[in-house]
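Enquirer: the following block contains a protein sequence and its predicted model.
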Amino acid sequence: MIFLGDGEFDGIELQSAVQALGWLYVCRTAKNTQWYAEPIFLVTNFELTAEGCYWYEKRFQIETFFSDEKSRGFFIHKSHLSNPDRLAKLLLAACLAYVWIVFLGILALRQNWVKIIHRTEHCDWSLFRLGLCLLEYLLNEDKPIPVTFNPLAENYVR
């Protein structure tokens with residue numbers, strides 16, 4: 001396992017706990033470091049610096065998911081849950097909902113709903129954003145909402 005973290009995950013206690021699990025880690029150290037004006041400082045237990053940097057770059061591939069789960073979508077960060085079991089259940093439900101919302105975004109593209117829900121010539125929204133807007137549109141217009149899905153089906157909702 002490899003643990004990747006932003007500035008809030010650079011503490012010695014966390015590093016010790018992750019290492020005790022036998023995981024490798026790469027975390028950014030400074031919370032106020034700017035991306036292009038200054039270098040990014042990382043802490044890692046990888047033997048090779050280049051390997052730690054390689055894995056840290058992977059973090060940006062999932063950054064959109066985190067913002068969709070938090071500030072641009074489900075607002076998980078406002079749950080104030082501290083019990084690990086309850087938080088795990090919330091995260092599991094949010095992840096399942098995320099997959100469904102992304103499916104709705106794909107449906108919006110396949111079924112040409114974008115011109116109705118976005119109303120611009122150029123769509124730069126994520127699949128998640130498209131899915132949320134399609135869901136809102138279907139609810140407001142009292143149209144059927146696909147609650148189960150088959151990602152392989154070409155023509156799911158009309």
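Expert: Thanks, I have the structure now. Numbers count the residues shown, from 1 in each chain.

Enquirer: check the gap between residue 12 and residue 46 for me.
Expert: 17 Å (C-beta to C-beta, to the nearest Å). Any C-beta I mention is one placed from the backbone N, CA and C, and that applies to glycine too.

Enquirer: out of those two, which sits in the more crowded spot?
Expert: For residue 12 versus residue 46, neighbours defined as other C-beta atoms under 10 Å are more numerous around residue 46 (17 against 8).

Enquirer: in contact with the closest residue to that one other than its chain neighbours, which residues?
Expert: The shortest distance from residue 46 to any non-neighbouring residue, by C-beta to C-beta, 6 or more residues apart in numbering, is to residue 52 (3.9 Å). Applying C-beta atoms under 8 Å, 6 or more residues apart in numbering, we find residue 52 in contact with 26, 42, 44, 46.

Enquirer: state the helix or strand in which residue 52 lies.
Expert: helix 49-57 (DSSP states H and E).

Enquirer: please identify the buried residues of that helix?
Expert: Neighbour counts over helix 49-57 (16 or more other C-beta atoms under 10 Å) mark 52, 55-56 as buried.

Enquirer: ok, the residue nearest to residue 46 to residue 26 distance?
Expert: From residue 52 across to residue 26, the span is 5 Å (C-beta to C-beta).
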